[in-house]
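Trainee: prediction below, plus the sequence it came from.
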Amino acid sequence: MHRGATIGGLARATGVNLETIRYYERIGLMPAPARSASGHRIYEPAHETRLTFIRRARELGFPIEDVRGLLALSATDQPCCEVRAIASQHLDAVRAKLADLQRLEAVLAATVERCAETLGTPHCAVLEMLEEGA
């Protein structure tokens, strides 16, 4: 990206949707860019760097408030201990989600297997499981 890029140029350079960039500006994750005489946003390379950081953190599943904290810590001299705490907390949440997904996978696999046994009958194991709430 070059100096004075448009929002379209920033979006192309970072792979972030235009509306997402505007949203990040509205909630204060991205600093407001300068404006041209006609009112168009003018982005600098620092915007690209910051947006790339945000995109990568979001790809890793960090919630917006954690991204905000990580951005603040990235501007400090000794952020590693605090960053580690945020990342560890997020890792715990990811592991809990994985465990939930593994339980979900087991229930669905067993139900689909039961469904295969009832093909051609008026009974459907998946629908029965949903009705039972089991």
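Mentor: The structure has been received and is ready for your questions.
Trainee: alpha carbons only for contacts and neighbour counts from here, please
Mentor: Noted.
Trainee: just for the protein, where's the confidence low?
Mentor: 1-2, 133-134 (pLDDT under 70).
Trainee: quick one: the strands in it?
Mentor: Counting by DSSP state E, the chain has these strands, from start to end: 34-35, 41-42.
Trainee: for those strands, which one sits closest to Ala110?
Mentor: strand 41-42 (53.7 Å; Cα to Cα).
Trainee: distance of Cys30 relative to Tyr23?
Mentor: Just to correct that, residue 30 is Met rather than Cys. Counting by Cα to Cα, to the nearest Å, the gap from Met30 to Tyr23 is 9 Å.
Trainee: look at these two and report which has more neighbours.
Mentor: The residue with more neighbours, out of Met30 and Tyr23, is Met30; 19 against 13, by other Cα atoms under 10 Å.
Trainee: and stretch 59-77, how far out from the chain's middle?
Mentor: A distance of 12 Å separates the centroid of the chain from that of stretch 59-77, by Cα atoms, centre = their mean, to the nearest Å.
Trainee: kindly check the end-to-end length of it for me.
Mentor: 25 Å.
Trainee: what's the neighbour count on Ala57?
Mentor: Per other Cα under 10 Å, the neighbour tally for Ala57 reads 17.
Trainee: any idea how far Arg84 is from it?
Mentor: Per Cα to Cα, Ala57 is found 14 Å from Arg84.
Trainee: same check on Gly9?
Mentor: 33 Å.
Trainee: how about the contacts made by the spatially most central residue of the chain?
Mentor: Nearest residue to the geometric centre of the chain (Cα atoms, centre = their mean): Arg58, 3.5 Å. Applying Cα atoms under 8 Å, 6 or more residues apart in numbering to Arg58 gives the contacts 64, 67.
Trainee: put the alpha carbons of stretch 104-122 into CSV.
Mentor: Extracted in CSV, the C-alpha atoms of stretch 104-122 (Å, rounded to 0.1, in the frame of the first residue of the first chain):
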residue,chain,number,x,y,z
LEU,A,104,-21.4,-32.4,19.6
GLU,A,105,-19.6,-34.5,17.0
ALA,A,106,-20.1,-37.6,19.1
VAL,A,107,-23.8,-37.0,19.5
LEU,A,108,-24.3,-36.2,15.8
ALA,A,109,-22.2,-39.2,14.7
ALA,A,110,-24.2,-41.6,16.9
THR,A,111,-27.5,-40.0,15.7
VAL,A,112,-26.6,-40.2,12.1
GLU,A,113,-25.6,-43.8,12.6
ARG,A,114,-29.0,-44.5,14.2
CYS,A,115,-30.6,-42.7,11.3
ALA,A,116,-28.9,-45.1,8.8
GLU,A,117,-30.6,-48.0,10.6
THR,A,118,-34.0,-46.5,10.1
LEU,A,119,-33.8,-45.6,6.4
GLY,A,120,-37.0,-46.5,4.7
THR,A,121,-39.1,-46.3,7.9
PRO,A,122,-41.2,-43.5,9.1
